[in-house]
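Student: no sequence for this one, just the structure:
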Ligand SMILES: [Mn+2]
């Protein structure tokens, strides 16, 4: 089986306290370990960590269980793909070296069990808002990254977590529902992309909604939900069939 999950936003200040954060992190790890039982590959499609920035000699505190679980799964021979999202894009080798994952910083077109899949976190696709575009340019700028490195980490990381929580709160208030086939950006993106190159599945994270939509008789858009409230994931079986599922911790007991 091949699995896809996204958007755990581990370490987010939206959660009430450390205890709640650890509870969520343990559940994400339990989910990963359960999927690992019959997985050959696991794709993390972005924003697994709420704010990640690697400095030359240090990384942000926290997410210890999660990073350990990734390393354990990768060490066992399962290929783990880590797509960066718009909250955890500032990774420069640590996740590959220490956790053994393959980092993808751009969308990928990959054939999986005979199906052509377009995989992406989903931020920036079909984006029309100039403000958001400017922020995205800043986030991807090498100069801005170097400048951010000059800020002491206690201020830099504090700012990152604050910005991230503010952003998520806004998203939760404004956008956390399906906008419909004609307004949902990722669906519009997939429909446009389909005119140029065919994919059987378009799989995205980012939106924190669950969507399984046929856009053509042989093309489907999947949006993965999240690992905060839904603990949802997609699975592609050996025949290339895809399903959107929920992880149920109770069933493990
Ligand atoms: Mn995102």
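Tutor: Received it, and whenever you're ready, just let me know what you need. This is a predicted model, so every value here is computed, not measured.
Student: Shouldn't residue 67 be within a helix?
Tutor: Yes: read with DSSP: H, G, I helix; E, B strand; the rest coil, residue 67 is one of the residues of a helix.
Student: Quick check: it touching residue 98?
Tutor: Yes: using Cβ atoms under 8 Å, residue 67 is in contact with residue 98, at 7.1 Å. Any C-beta I mention is one placed from the backbone N, CA and C, and that applies to glycine too.
Student: Please identify which of those two sits among more neighbours.
Tutor: residue 67 (20 against 14; other Cβ atoms under 10 Å).
Student: Could I get the contacting residues of residue 159?
Tutor: residue 151 (Cβ atoms under 8 Å, 6 or more residues apart in numbering).
Student: again but with residue 204, I slipped
Tutor: Residue 204 sits in contact with 6, 45, 120, 121, 122, 125, 186, 221, 222, 223, 224, where contact means Cβ under 8 Å, 6+ apart.
Student: Spatially, what comes nearest to the third one if we skip its sequence neighbours?
Tutor: In space, and not counting its chain neighbours, residue 120 is closest to residue 107: 3.5 Å by Cβ to Cβ, 6 or more residues apart in numbering.
Student: neighbours around residue 243, how many?
Tutor: Other residues close to residue 243 by other Cβ under 10 Å number 11.
Student: Kindly report the same for residue 54.
Tutor: Residue 54, neighbours per other Cβ under 10 Å, totals 16.
Student: so it makes contact with residue 93?
Tutor: Yes: counting by Cβ under 8 Å, residue 54 does reach residue 93; the two are 7.5 Å apart.
Student: For the chain, which residue occupies the most central location?
Tutor: In the chain, the centroid-proximal residue (Cα atoms, centre = their mean) is residue 46; its distance is 1.9 Å.
Student: Next, that one: secondary structure please.
Tutor: coil.
Student: I'd like to know how far it sits from residue 120.
Tutor: Distance from residue 46 to residue 120, counting by Cβ to Cβ, to the nearest Å: 8 Å.
Student: where does the stretch 101-250 of the chain come near the ion, residue by residue?
Tutor: For the stretch 101-250 of the chain, the residues in contact with the ion (Cβ under 5 Å from the ion) are residue 206.
Student: ok and the residue in the stretch 101-250 of the chain nearest the ion?
Tutor: residue 206 (3.9 Å; Cβ to the ion).
Student: What ranges does this protein have for its helices?
Tutor: Taking DSSP state H, the helices of the chain run over residues 18-36, 64-75, 94, 130-140, 142-150, 153-174, 185-196.
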